[in-house]
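Visitor: Give me the fold of what follows.
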Amino acid sequence: MTLPFPHARATRRTLLAALGAAALATQWPSAEAATATATATATATGLADPEKKDIAMRLVSSAENSSLNWKAQYKYIADIGDGRGYTGGIIGFCSGTSDMLALVGLYSERHPDNALAAYLPALRTVNGTDSHEGLDPGFPAAWRTAARTAGFRKAQRDERDRVSFDPAVARARKDGVGTLGQFAYYDALVMHGPGTDALSFGGIRGRARAHADTPADGGDETTYLHAFLDARVWAMRQEPAHSDVSRVETAQRVFLDQGNLDLEPPLKWKVYGDSYEID
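Guide: Numbers count the residues shown, from 1 in each chain. Here you go, the predicted structure:
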């Protein structure tokens, strides 16, 4: 997970519907299978809706990469000087925080003969540090080479879902919050990572719950989400790399103040002073 500097870079019904469509697709002619898949997609809610998931990815990319084109970030790799070594890919996998190691490990399990496999020992060695030992000079080029393959791009999406997206959406649903709240949880997990300490996602959520009840506990959704964003801002300000909190205050807070709990376009926001818009 990244600590970005400015310009540094589903429900049970939904699941069953999707599984049903996939099963039917193996039996029906292609046109009927496509109809079944479209029907399953139409029942998706919150960030399980592919269009809303894409919006979430564009919002994250505006903060992580100063771009709405998240699909162009598979090849991104750089040391942004945040103490976490190399940062790369669509959600900022880091060589110092185990998620890059897990990603390359998954990719190598699926595709053993790949450009990054030779760097697994080095990634194990530098995990938990900002060191480049064993990675320089060839690792960035190998990352960009791997990013040209469908296998590595899929591995990035799968690890994004396993580590950040799916846990965030599942926890948000249990807390009774909708699309905007699911995104707030997801963005917090991307930046702060899982865990229960004060500066991790679990700590941020715990701080919010100390000030407001979740909707699942009988609280008001808007009130709770303000408390969550307050807790997120507090956590960000504990570290110099997060002194700019526009990722929350001029983006997510704007949508909340507008009452846009469903994260419906058009969306206008700013991050690090740059303006973005999704029609």
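
Visitor: Could I get the full set of helices for this protein?
Guide: Using DSSP state H, the helices found in the chain span residues 12-25, 30-42, 50-65, 99-110, 120-126, 139-146, 150-160, 166-174, 179-192, 201-211, 221-236, 246-247, 253-257.

Visitor: Comparing those helices, which stretch has the densest surroundings?
Guide: Highest mean neighbour count among the helices of the chain (mean count of other CB atoms under 10 Å): helix 179-192, with a mean of 26. C-betas here are computed from N, CA, C, even on glycine.

Visitor: could you check the angle helix 50-65 makes with that one?
Guide: 40 degrees (axes from the mean of the first three to the mean of the last three CA atoms, to 10 degrees).

Visitor: could you give me the average pLDDT of helix 179-192?
Guide: The predicted model assigns helix 179-192 a mean pLDDT of 96.

Visitor: Not counting sequence-adjacent ones, nearest residue to residue 203?
Guide: residue 197 (5.2 Å; CB to CB, 6 or more residues apart in numbering).

Visitor: coming back round to it: how about the helices of the chain in TSV, adding distance to residue 133?
Guide: Shown next, in TSV, are these (distance: least, CB to CB, whole Å):
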stretch	distance to residue 133
helix 12-25	43
helix 30-42	46
helix 50-65	25
helix 99-110	14
helix 120-126	6
helix 139-146	11
helix 150-160	23
helix 166-174	31
helix 179-192	26
helix 201-211	29
helix 221-236	30
helix 246-247	31
helix 253-257	41
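
Visitor: out of those, which comes closest to residue 277?
Guide: Among the helices of the chain, the nearest to residue 277 by CB to CB is helix 50-65 (10.1 Å).

Visitor: by contact count, what packs against the closest one?
Guide: The contact analysis (3 or more CB pairs under 8 Å, 6 or more residues apart in numbering; DSSP states H and E) places helix 50-65 against helix 179-192, strand 267-271, strand 274-278.

Visitor: Provide the contact partners of it at residue level.
Guide: 2, 4, 8-9, 41, 44, 46-47, 67-70, 73, 76, 90-92, 165, 179, 182-183, 186-187, 190, 247, 251, 263, 265, 267, 269, 271-272, 274, 276, 278 (CB atoms under 8 Å, 6 or more residues apart in numbering).

Visitor: Just give me how far that helix sits from the chain centre.
Guide: Chain-centre distance of helix 50-65: 8 Å, with CA atoms, centre = their mean, to the nearest Å.

Visitor: cool, and stretch 112-122?
Guide: 24 Å.

Visitor: start at 22 instead
Guide: Sure, I'll start counting at 22 from here, so that last one is stretch 133-143.

Visitor: what about that stretch, average pLDDT?
Guide: 97.

Visitor: Only whichever of the contacts of helix 71-86 are buried, select them in ChimeraX.
Guide: Under the burial definition 16 or more other CB atoms under 10 Å, those of these that qualify are selected in ChimeraX by:
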select :23,25,29,30,62,65,67,68,88,89,91,94,97,111,112,113,186,200,203,204,207,208,211,268,272,284,288,290,292,293,297,299
